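Student: pasted the sequence and its predicted model underneath.
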Amino acid sequence: MRTLDFAPLYRSTVGFDRLFDLLDTATTARPDWPPYNIEKTGEHEYRITMAIAGFRPEEVELTQQGNTLLVVGKKAADADGKQMLHQGIAFRNFTQTFNLADYVKVAAATLRDGLLSIDLAREVPEQLKPRRIEIASAAAKPADSRVTQIEQAEAA
């Protein structure tokens, strides 16, 4: 696999640090443990489903900081002293990082039947949504009611 060196670009650009960080992380191999799916469940809703069989809710930690979602699983040490003759079920610790788009927040998280479901919702602030402004003639007095919010279906 080829590796790309972005160092020459760092010298000639200003303000693109986040873009280069994303490119660096995209070119490195992502861990494949635990397996996960990302699905779109609505117009502005998404769900990440991770297969983490054997983990209890208190052994899994979700943290959203800015546009980064961090999922960490730390399996507690088995204190009952079992002697394993064959261990085919992986109970290893994991760390998985997801880069979220702007205004995407974690709405809920559930752990059921060995599947961790993380529901995400995109909530664009009202001041960033497009507005339609009615144009009045020069003779008419401007009115505040001439500004209306455009629905997302119309804006697209």
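Tutor: Right, received. Where do you want to start? Numbering: from 1, shown residues only.

Student: so Glu58 sits in a helix?
Tutor: Yes - Glu58: assigned to a helix according to DSSP: H, G, I helix; E, B strand; the rest coil.

Student: begin at 270 from now on, thanks
Tutor: Sure, I'll start numbering at 270, so the last one becomes Glu327.

Student: and Arg391, what does it touch?
Tutor: Going by CB atoms under 8 Å, 6 or more residues apart in numbering, Arg391 touches 313-315, 370, 372-374. Glycine gets a C-beta too; all of them are placed from N, C-alpha and C.

Student: switch the cut-off to 10 Å
Tutor: 311-315, 369-374, 376 (CB atoms under 10 Å, 6 or more residues apart in numbering).

Student: from what I see, Glu330 and Leu338 are in contact.
Tutor: No - counting by CB atoms under 10 Å, Glu330 stays clear of Leu338, with 11.3 Å between them.

Student: of these two, who's got more company?
Tutor: Using other CB atoms under 10 Å as the criterion, Glu330 and Leu338 rank with Leu338 on top: 20 against 12.

Student: give me the three-state assignment for that one.
Tutor: Of the three states, Leu338 takes strand under three-state DSSP.

Student: what's the pLDDT at it?
Tutor: We note a pLDDT of 94 for Leu338 in this prediction.

Student: good, we can wrap up now.
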